[in-house]
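3D model of this:
(one chain, ligands or ions: 2)
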Amino acid sequence: MSNRRVLQFEEGNSSMKVLLGGKGANLAEMTNAGLAVPPGFTITTETCQEYYINEQKLPEGLFDEVKDALELIELKKQQFFGDDVNPLLVSVRSGSVTSMPGMMDTILNLGLNDRTVEGLSKQMNNSRFAYDCYRRLIQMFGSVVFEIEMKLFEDIFEETKNSFGVKVDKDLKVEGLKLVINEYKLLIEEKTNKSFPQDVYNQLTLAVEAVFKSWNNQRAVVYRQLYNIPDQQCTAVNIQSMVFGNMGDDSGTGVLFTRNPSTGENSLFGEFLTNAQGEDVVAGIRTPQPIENLKTEMPNVYNDLVKIARQLETRYKDMQDIEFTIEKGQLYVLQTRSGKRTAQAAVKLAVQFVAEGILSKEEAINRIEVEHLEQLLHSTIDPQATLEVIAKGLPASPGSATGHVVFDADVATEWVKHGKKVVLVSHETSPEDIHGVIAAEGVLTTNGGMTSHAAVVARGMGKPCICGCEEIKIDPERKRFYIGNTTIVEGDWITLDGTTGRVINGTVALKEPEISPELLKLLEWADSIKHLKVLTNADTPEDAAKARDFKAEGIGLCRTEHMFMSTERLPVVQEMILAQSLEERHRALDKLLPMQQSDFEGIFEAMHGFPVTIRLLDPPLHEFLPKIEELLEKQFSLKEPEVNEKHEQLIRKVRNLQEVNPMLGQRGCRLGILFPEIYRMQVIAIFRAAVKLIRQKINVIPEVMIPLVGHVNELEIMRKLVDEAAEEVFLEEGLRVNYKVGTMIEVPRAALTADEIAEHADFFSFGTNDLTQMTYGYSRDDAEGKFLSYYLEHKVIPTNPFQVLDTEGVGALIKCAVKKGRAQKTALKTGICGEHGGNKESIFFCHMTGLNYISCSPYRVPMARIAAAQAQLFYKTTSLEYNYNV
Ligand code: PEP
Ligand code: MG
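Ligands and ions are numbered 1, 2, ... in the order given. Below you'll find the model as predicted:
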């Protein structure tokens, strides 16, 4: 706790943000840098904390300190607070530690009363100006201190203007303003039984207290919740002498960005108004001029601004957003802060600052907000567009898409064939709908969460997807959906914003993504810093090629089931599942084998020289069959007995495969053990593809991955199958290929017995989607739509564990598995391939746990490369226990 409650600007600096708030610390820093900052002082955040501990009473002695500080300002300005002839006016502003723009209160022109207003009028030789300042003070004071609705003041002002036949504020003359002031005072008396204080110290006390109180106004509380700003931080109060930009044509006010915040170009960007106060710029009454005009209007001021811009940028090592006022030709800086910018500008600026020697490469990498990068890799909604948002769901896959609504995957493909763009809207998608997802620009589902089928598939393809949008009610029969009073029918246009989860009525202009040379440079730097390897989850040669464009260092997860879902293959897969005998199944598998082999060839070729981890079949088989409800419905329309008999057979089989808990059922390696011929076919396809490509001089590094292992025996059996099938191919082909066999760790038991499992595994890949599902006991398909959103909203749990890795629970299992696994086998390679591999916080965890790699969807690879470098910079160390290059 500081023993001083009040510090002059000269006494602070930018490292004192916690005590002085962001604004106070910056004003102090600028004052000490010799910039023309109007003199002032800051009441510390600790004083505000004391105020709250003290049951909202101002601490004793505070005002003695404030008065002393005011005296120093009086000396500097040679103006005196409350003086009838030469009055000092001050502004009183909040200033929290973390910027909370517009959330708390400000009062300007404090120090005016019925007498000092006359003094100001004479001093400035401008009575309209003085009375307008007084009017503004009473209005702000009435609203902030006395909490009177702002509209009541505005009504009085409007009525008076009307009675004088005046349209624009500035045309109301002194007589009018005096009337307004009287009415304002009466309003305050009527509402509070108190008068507007004529004692200027009383004004100051009440204003300081009001700023303290505004820390707990509703909007500030909501803002803090949204951005996780601690309630105990409290606000500082900045009291600063006023300067006026409305004192004639040699005065003015403006805002300056030191570089262009939307493009990142290195040129001053901003606007100003002559003879105006700050609010006039915001109110938009007059159109401000571009900053370049200042060069001719006030060349000296312009030159000073250029110098100040460079000085502040170098000092803060960042692009600045500066507020300035010119009072009678003298430039004052009122505020500086890091300027908000677009993603494109953020990347360009980071690279520019390195070229100019302002930032090191490491600092530039740290500057990048990785979430921002998503905007650069997906099409986005034009920020100028007007939007009619009709619903909101989970932002499952980023980017934007616009198209005609369709409710059926077949219709989607049909319409796309005819040159239309479509958005697929459905309760959920299943593997059967994959062709619809491929055809569509984007997907909207009413059910399912961030790891639902639609979400995972869309992310993999880089298509926008919104899931769990329960507000919309689909009527598939009538080909429409309802949302409130709006009905959207098949063929209507909608737009999806997968980055925010917004569903927009109609079509909207989209901005195409671009990978700029600056982003490429940043990524190169990130690669030279990071230790984690960044691999990708890719199931097709196209995705693999895309991921290579983004410099993925291999495939960490190739989900083979996705290869079974195309329109041509699904019937063969169904034939394989429905086979009545082993021979029949083999016949179907023989048809599938060359198809799988050609996929693997394509993928190996795209990943030339990098490992490709292929996971054998994982989902429950019923996912490849039609839904029972649809089959039953169709049954009634079938007349021919033979067709009917076949259909009934199908129904029996589907019923047979149905499970109450399919995600905990016959899937993963359990399938491989029960139907070894399926896994065998896949392994043969993998190695035939590998041999073929090696003969074509392509460097193939295959890794076979067994899913859902929970007991070491499961892996032992499956590994034997893989080794034997591989051996068969090598003998048949007369060529051997180096390969690895590993397992996913996605069942808690596997993590806990990882030492035993490691005996039979060359690598572990943490399937954190299933591992989270099974550790928390939350269904990854239903939780979000049911209780999880409530949990998150009411902070029952802090974050969505399907998006941000639960380091305490799931993370503890991962740490345990890595430790036990490496104790058994030092060279064990470990990585993560669940959706968390594309999340920054989770990447940081993987780095610290000493994993060798993370694997994420192709479009997240650039973001993951930056995050992996940031993790290295943040911890300033790699986990030395582990060898990252296994
Ligand atoms: C996982 O469970 O984390 C995983 C990657 O596998 P899938 O999502 O295909 O179940
Ligand atoms: Mg899994």
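
contacts, neighbours, all on C-alpha from now
OK.

Report the strands that pair with the host helix or strand of residue 95, each with its relative direction.
For residue 95, the element it lies in under DSSP states H and E is strand 90-96. Note on strand 90-96: by DSSP bridges, its sheet partners are strand 106-110 (antiparallel), strand 235-241 (antiparallel).

Give me the neighbour count for the residue of the stretch 51-200 of the chain found nearest ligand 1.
When scored by Cα to the nearest ligand atom, the stretch 51-200 of the chain has residue 98 as its residue closest to ligand 1, at 36.0 Å. By other Cα atoms under 10 Å, 18 other residues sit near residue 98.

Quick check: closest non-adjacent residue to it.
Nearest residue to residue 98 in three dimensions, chain neighbours excluded: residue 22, at 6.5 Å (Cα to Cα, 6 or more residues apart in numbering).

Confirm that that neighbour sits in a strand.
No - under DSSP: H, G, I helix; E, B strand; the rest coil, residue 22 sits outside any strand and is assigned helix.

That one: how many residues sit nearby?
Using other Cα under 10 Å, residue 22 has 25 other residues around it.

what sits against it?
By Cα atoms under 8 Å, 6 or more residues apart in numbering, the contact list for residue 22 reads 14, 95, 96, 97, 98, 99.

Hmm, residue 105 is touching residue 216, no?
No - here residue 105 does not reach residue 216: they are 11.0 Å apart, not a contact under Cα atoms under 8 Å.

Neighbour count: those two, which is higher?
The neighbour comparison of residue 105 against residue 216 (other Cα under 10 Å) goes to residue 105, with 23 against 17.

quick one: contacts for that one?
93, 94, 144, 210, 211, 214.

And the pLDDT for it?
Residue 105 is assigned 79 on the pLDDT scale.

Helix, strand, or coil at the residue in the stretch 301-450 of the chain that ligand 1 sits nearest to?
In the stretch 301-450 of the chain, the residue found nearest to ligand 1 is residue 450; the distance is 10.7 Å by Cα to the nearest ligand atom. Secondary structure, three-state DSSP: residue 450 is coil.

Quick one: the helices in the stretch 201-350 of the chain, in order.
For the stretch 201-350 of the chain, the helices defined by DSSP state H, counting those that start in this stretch occupy 218-226, 278-283, 294-297, 299-316, 343-355.

follow-up on the earlier one: contacts for the strand holding residue 95, please.
Taking contacts as Cα under 8 Å, 6+ apart, the residues outside strand 90-96 that touch it are 20-24, 45, 104-111, 207-208, 211-212, 233-242.

Show me which residues of the stretch 651-800 of the chain sit near ligand 1.
746, 767, 768, 769, 770 (Cα under 6 Å from any ligand atom).

Run through the residues that contact residue 666.
With Cα under 8 Å, 6+ apart, residue 666 has these contacts: 620, 621.

Quick check: pLDDT value at residue 220.
Taking residue 220 on its own, its pLDDT is 81.

Correction: the previous question concerned residue 98.
Value listed for residue 98 in the pLDDT field: 85.

Tell me the secondary structure at it.
coil.

Residue 23 is in contact with that one, correct?
No - assessed by Cα under 8 Å, residue 98 is found out of contact with residue 23, at 9.4 Å.

ok, back up a step: need the residues of the stretch 651-800 of the chain next to ligand 1 in a markdown table with pLDDT, neighbour count and secondary structure, can you?
Shown next, in a markdown table, are those (pLDDT from 0 to 100; neighbours: other Cα atoms under 10 Å; DSSP: H, G, I helix; E, B strand; the rest coil):
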| residue | pLDDT | neighbour count | secondary structure |
| --- | --- | --- | --- |
| 746 | 98 | 28 | coil |
| 767 | 98 | 23 | coil |
| 768 | 98 | 28 | helix |
| 769 | 97 | 22 | helix |
| 770 | 97 | 25 | helix |
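
Quickly check these for the two that are furthest apart.
746 and 769 (7.6 Å; Cα to Cα).

which residues are in contact with both of those two?
Counting by Cα under 8 Å, 6+ apart, residue 746 and residue 769 have no shared contacts at all.

Which residue does the protein have closest to ligand 1?
Closest point on the chain to ligand 1, by Cα to the nearest ligand atom, is residue 767, at 3.0 Å.

per-residue confidence at residue 174?
pLDDT for residue 174: 95.

Hmm, it is touching residue 127, no?
Yes - Residue 174 lies in contact with residue 127 (Cα under 8 Å); the separation is 6.8 Å.

Count the residues that sit near residue 293.
13.

Please report the distance of it from residue 299.
According to Cα to Cα, to the nearest Å, residue 293 and residue 299 sit 9 Å apart.

which regions of the protein lie under the pLDDT threshold?
The model of the chain has pLDDT under 70 over residues 1-2, 101-103, 226, 278-286, 431, 451, 877-886.

Give me every residue in it lying close to ligand 1.
746, 767, 768, 769, 770, 833, 834.

The second one against residue 748, yeah?
No - taking Cα under 8 Å as the definition, residue 767 is not a contact partner of residue 748, at 10.7 Å.

May I ask you to confirm that residue 504 is in contact with residue 385?
No - using Cα under 8 Å, residue 504 is not in contact with residue 385, being 11.3 Å away.

what about these two, which has more around it?
For the pair residue 504 and residue 385, the greater number of neighbours falls to residue 504 (19 against 10), based on other Cα under 10 Å.

what ranges do the strands span in the stretch 551-700 of the chain?
Remark: strands assigned in the stretch 551-700 of the chain by DSSP state E, counting those that start in this stretch are 555-559, 611-615.

Same list, those strands, but as a markdown table with mean neighbour count please.
Formatted as a markdown table, those follow (neighbours: other Cα atoms under 10 Å):
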| stretch | mean neighbour count |
| --- | --- |
| strand 555-559 | 26 |
| strand 611-615 | 25 |
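
OK, contacts around the residue nearest the centre of the chain?
Central residue of the chain (Cα atoms, centre = their mean): residue 371, 4.6 Å from the mean position. Counting by Cα under 8 Å, 6+ apart, residue 371 touches residue 863.

Quickly find the element holding it.
helix 370-377.

Identify each buried residue in that helix, please.
Buried residues in helix 370-377, counted by 16 or more other Cα atoms under 10 Å: 370, 373, 374, 375, 376, 377.

Okay, helices next: where are they in the stretch 701-850 of the chain?
For the stretch 701-850 of the chain, applying DSSP H, counting those that start in this stretch gives helices covering 712-733, 748-752, 754-758, 768-772, 783, 789-793, 810-824, 840-849.

cool, and the stretch 401-550 of the chain?
409-417, 434-439, 453-461, 517-529, 541-549.

which helix of this structure spans the most residues?
When the chain is parsed with DSSP state H, its longest helix is helix 582-606.

ok now it, how far from the chain's centre?
Relative to the mean C-alpha coordinate of its chain, helix 582-606 is positioned 40 Å out (Cα atoms, centre = their mean, to the nearest Å).

For residue 164, grab phi and psi.
phi -90, psi 0 (degrees, to the nearest 10).

can you list the domains in the chain?
Using automatic domain parsing, the domain parsing of the chain gives 73-241, 252-338, 379-511, 530-620+659-875, 621-658.
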